[in-house]
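In: next comes the sequence, and after it the predicted model I'd like to discuss.
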Amino acid sequence: MCDALMSEKLTVLAVDDDPENLMLLVNLLKPLYKVKVANSGKRALEIVMAAGGALDLILLDVMMPEIDGFEVCAQLKASPLTQAIPIIFLTSKNETIDKKAGVELGAVDYIVKPIDPQCVKERIATHLMRKKIGD
């Protein structure tokens, strides 16, 4: 089943203000997906809107300047155009209250940094499959 998803080259948006984290995600995901990147919450919103909401999944850092990941998630979940895009938070914020806030905002998952690359790939594949089944 995962092979069918990967052959379609679904699009994943990786959002993080740390260039090293973005490079890690690009290197990890590029063989499997079309990867778009944003280095801020504001840029992420611009990319999503420019794509007309046609992204398959968003990996979203929480702690970013100007607009944090929680606010980006809230804005995306408030719009009918983007509310169905699965969002996975990738963050160093590992308190229960932060995880709860992420889920309450509509994120499908919450991964604490430093990331386990295999775990990230598996969770992405799982949520893409769930989205495909739900469509």
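Out: Done, it's in.
In: mind listing what residue 41 touches?
Out: Taking C-beta atoms under 8 Å, 6 or more residues apart in numbering as the criterion, residue 41 is in contact with 15, 64, 66, 67, 68, 69, 71, 72. Placement of C-beta: from N, CA and C, glycine included.
In: can you tell me which of those residues are in strands?
Out: Secondary structure assignment (DSSP state E) places residue 15 from the contacts of residue 41 within strands.
In: quick one: buried residues of the strand or helix carrying residue 130?
Out: Remark: residue 130 resides in helix 117-134, with elements defined by DSSP states H and E. In terms of neighbour count (16 or more other C-beta atoms under 10 Å), helix 117-134 has its buried residues at 120, 121, 123, 124, 125, 127, 128, 131.
In: also stretch 33-42?
Out: 33, 35, 36, 37, 38, 39, 40, 41.
In: strands - which of these land there?
Out: With strands defined by DSSP E, the entries of those inside them are 35, 36, 37, 38.
In: what is the nearest of those to residue 53?
Out: When those are ranked by distance to residue 53 (C-beta to C-beta), residue 36 comes first, at 13.1 Å.
In: who touches that closest one in this structure?
Out: Per C-beta under 8 Å, 6+ apart, neighbours of residue 36: 11, 12, 13, 14, 47, 51, 55.
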